[in-house]
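In: Got a predicted structure here, sequence first:
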Amino acid sequence: MVPEGWGEVPLGRVVRMTGGGTPSKSNSAYWGGEIPWVSPKDFGRPLSEASDTITPLAVSESSTNLVSNESILLVVRSGVLRHSLPVAKPSLSVAINQDLKALTPAANLDREFLFYLLVGSARKILSGCLNVGTTVESISSQALRALPVLLPPLPEQKKIAEILSSVDEAIAATQKVIDQTERVKKGLLQTLVTRGVGHTRFKQTEIGEIPEDWEVVKLGEVVRPIYPSVEMKNHEGYRPVVIRRRHRGVECPEEKLGKSILVKKQFRATPGAFAISKRQVVHGSCGMVPEGFSPNAIVSKEYLQLESRGALRMAFLDLFSHGIHFRRTIDRCTYGVDREKFVLNERWFFRDMVPVPPLPEQDNIVAAVRSVGSGVAALEQELTTLRQLKRGLMHDLLTGRVRVKVA
């Protein structure tokens, strides 16, 4: 149903579509100029920072086209179209390759509104305009031109775009604060797990300079491995643990019946333990098993779970694993031909020397880092709320379900 005062028109009636191309790579006179040459890999960054640039000669002598900053860019050929539709607004004139289309709006279509219209129509475009039977996913220009779109009067378009832009600005501002806070947290963490809190006196040890009252001990003296066994039953559900790379957490994403788990020797995932993927730890696959973790979570012998012998908090070890000392330990205690597949040698690992602060200082370090982390968590929740708000607004405003008042 078309809202009162709106029209429904084929997209091709209100935009001009321009394609692009690739200048010859063998002609050095075409490359290294001042014109950004944009391809799908440049989406997600400012298009002025495109990874390739070309010269005016390339534009005049090749199939690429220079498009103005009044256009909207759309990826029309890429594997990414299997799940998403990249759309971008250039801030300056750019050249484009053959995998993009530039859509320049007619006089009765606001550029900002066109951007949100395309973003909001992504699912409809991907379901109705993709070419069938091609090796690489691509959008049919003919189908895209024929795509029916709802078009409010120009003043209403501008107001809708203004509202959605304000939410986008709030999202960008929140993300910027999150990024800044994460950098502060990372810097604080690196300082605290190597220099401690308020120390002025340091000593040289076999692992480098550390605060004077810290100890250097074998890791096996402060932690021990645990193997809480599980009696697997074919018709009960279990959640195999996954430890994400780059310290992104310990998870158990899906439940499986015992009969579908081929390796029957499994161990219970223990909340509060520090877990390590023996084959992925060089990539940061380690972390604390969260408190309140699923009671049917299990780990295989490919994982190592550690508990404290008393002198080392597992929460501190979790933070310590982000630092340079732990990375050096992992470098010394893994082996293999290809680093991608290096494996942890447990015997070497437990014999390696690590710095251990007094327990009260460990607690203070954990509290300091967690206080920053809680701020990040609150900001991330705010970001999620803003994104949900934007999705709701786009649906309501772009369909006319909610009308805006225009002065």
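Out: Looks like it arrived, so ask away. Numbering: from 1, shown residues only.

In: Now do the domain split for the chain, please.
Out: Split into domains by automatic domain parsing, the chain comes to 7-151, 153-200+360-407, 215-356.

In: distance between the longest one and the chain's centre?
Out: The one in question is domain 7-151. 24 Å (CA atoms, centre = their mean, to the nearest Å).

In: That one spans what distance, first to last residue?
Out: 5 Å (CA to CA, to the nearest Å).

In: one step back: how about CSV for the domains of the chain, with distance to Ile207, mean neighbour count and mean pLDDT added?
Out: Bear in mind the C-beta positions are built from the backbone N, C-alpha and C, glycine included. Rendered in CSV, the data for the domains of the chain read as follows (distance: least, CB to CB, whole Å; neighbours: other CB atoms under 10 Å; pLDDT from 0 to 100):
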stretch, distance to Ile207, mean neighbour count, mean pLDDT
domain 7-151, 39, 17, 95
domain 153-200+360-407, 10, 15, 95
domain 215-356, 5, 17, 95
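
In: Nearest to the spatial middle of the protein, which residue is it?
Out: Within the chain, the residue whose C-alpha comes closest to the C-alpha centroid is Arg248; the distance, by CA atoms, centre = their mean, is 10.5 Å.

In: Contacts only, for that residue.
Out: Residues near Arg248 by CB atoms under 8 Å, 6 or more residues apart in numbering: Gly284.

In: for the domains of the chain, which one sits closest to Met1?
Out: Nearest to Met1, of all the domains of the chain, is domain 153-200+360-407, at 8.6 Å by CB to CB.

In: How many residues are close by Trp214?
Out: Counted with other CB atoms under 10 Å, the burial measure for Trp214 works out to 20 neighbours.

In: ok, for Val76, nearest residue in space, not its chain neighbours?
Out: Setting aside the residues directly before and after it, Val76 is nearest to Ile139 in space (CB to CB, 6 or more residues apart in numbering), at 4.2 Å.

In: export the domains of the chain to a markdown table and tack on distance to Met1?
Out: Rendered in a markdown table, the data for the domains of the chain read as follows (distance: least, CB to CB, whole Å):
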| stretch | distance to Met1 |
| --- | --- |
| domain 7-151 | 10 |
| domain 153-200+360-407 | 9 |
| domain 215-356 | 41 |
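
In: quick revisit: okay, and the beta partners of the residue nearest to Val76?
Out: Beta-bridge partners for Ile139, by DSSP bridges, are Leu130.

In: One more: Phe267?
Out: Partner residues in beta bridges with Phe267: Ser229, Val299, with DSSP bridges as the criterion.

In: who touches it in this structure?
Out: When contacts are counted by CB under 8 Å, 6+ apart, Phe267 is found next to Tyr227, Pro228, Ser229, Val230, Ile298, Val299, Ser300, Lys301, Tyr303, Gln305.

In: cutoff 6 Å now
Out: Applying CB atoms under 6 Å, 6 or more residues apart in numbering to Phe267 gives the contacts Tyr227, Pro228, Val299.

In: Phe350 now?
Out: When contacts are counted by CB under 6 Å, 6+ apart, Phe350 is found next to Leu219, Gly220.

In: what do you get if the cut-off is 8 Å, keeping everything else the same?
Out: Going by CB under 8 Å, 6+ apart, Phe350 touches Lys218, Leu219, Gly220, Val223.

In: same question, Glu162
Out: Glu112.

In: same question, His283
Out: Under the criterion of CB under 8 Å, 6+ apart, the contact list for His283 reads Arg245, Arg246.
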